[in-house]
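Participant: fold the following and give me the result.
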Amino acid sequence: MVKNIVVKKRRPINKREAKRIKQGLLDTHGLDLPISAGNYEQAFSENFGVVIQYGHIIALVLDDQIHLSVRGLLSHVPQAGWVQVDMGAVKFVCNGANVMSAGINEVSPEVVEGQYVWIREENHHKPLAVGQALLSSKDMLSSEKGKAVKALHYIGDKVWEYGVKD
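Facilitator: Predicted structure coming up:
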């Protein structure tokens with residue numbers, strides 16, 4: 001059983017925070033979502049901030065950047081910032097492993113080293129995880145070994161399970 005993530009200072013967002021979150025998601029994902037005061041909450045965990053909607057974490061605040069969580073990605077799939085893995089890598093990614101260059105078969109062309117990215121599977125392009133690129137898109141595709149994306153959040157982890165009732 002996954003232990004729950006501990007969030008502190010959970011409260012509804014105000015208009016200024018809604019504007020900041022909306023702009024952050026536009027900057028990070030190119031998505032113009034209808035974020036408004038009172039309909040979302042913010043909170044803080046040990047290492048990052050979170051945005052909560054309907055009791056689930058839909059976005060992470062990492063290094064002052066706002067990135068959709070896997071739950072958020074399932075509802076609002078951006079067209080950029082993704083790394084695609086082959087089906088052989090899916091079970092490892094879904095268990096929290098870093099993404100290795102050998103398992104990558106396509107990358108969104110604008111990805112740069114240090115960028116927060118989302119990992120998708122090759123058949124249906126469904127989001128599996130969120131991570132930080134360790135290489136640029138060109139280098140990910142040309143490299144045959146080593147880590148390409150550092151895993152930060154994945155399906156089934158504490159962030160995913162937050163708010164899910166047993």
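Participant: with adjacent residues omitted, what lies nearest to residue 163?
Facilitator: residue 55 (4.0 Å; C-beta to C-beta, 6 or more residues apart in numbering). All C-beta spots, glycine's among them, are computed from the backbone N, C-alpha and C.
Participant: tell me what the longest helix anywhere in the chain is packed against?
Facilitator: In the chain, taking DSSP state H as the definition, the longest helix is helix 15-29. On a contact count with 3 or more C-beta pairs under 8 Å, 6 or more residues apart in numbering; DSSP states H and E, helix 15-29 meets strand 56-62, strand 65-68.
Participant: please enumerate residues in contact with the helix or strand following the last one?
Facilitator: Right, the one you point to is strand 65-68. Toward the C-terminus, strand 65-68 is succeeded by helix 70-75 as the next helix or strand (DSSP states H and E). Contacts of helix 70-75 with the rest of the structure, by C-beta atoms under 8 Å, 6 or more residues apart in numbering, involve 51, 56-59, 118, 126-130, 153-155, 159-160.
Participant: burial check on the residue nearest to residue 163, number of neighbours?
Facilitator: 10 (other C-beta atoms under 10 Å).
Participant: try the one 3 residues further on
Facilitator: Using other C-beta under 10 Å, residue 58 is surrounded by 22 other residues.
Participant: then residue 52?
Facilitator: For residue 52, using other C-beta under 10 Å, the count is 21.
Participant: helix or strand: which one has it?
Facilitator: Going by DSSP H and E, residue 52 is in strand 49-53.
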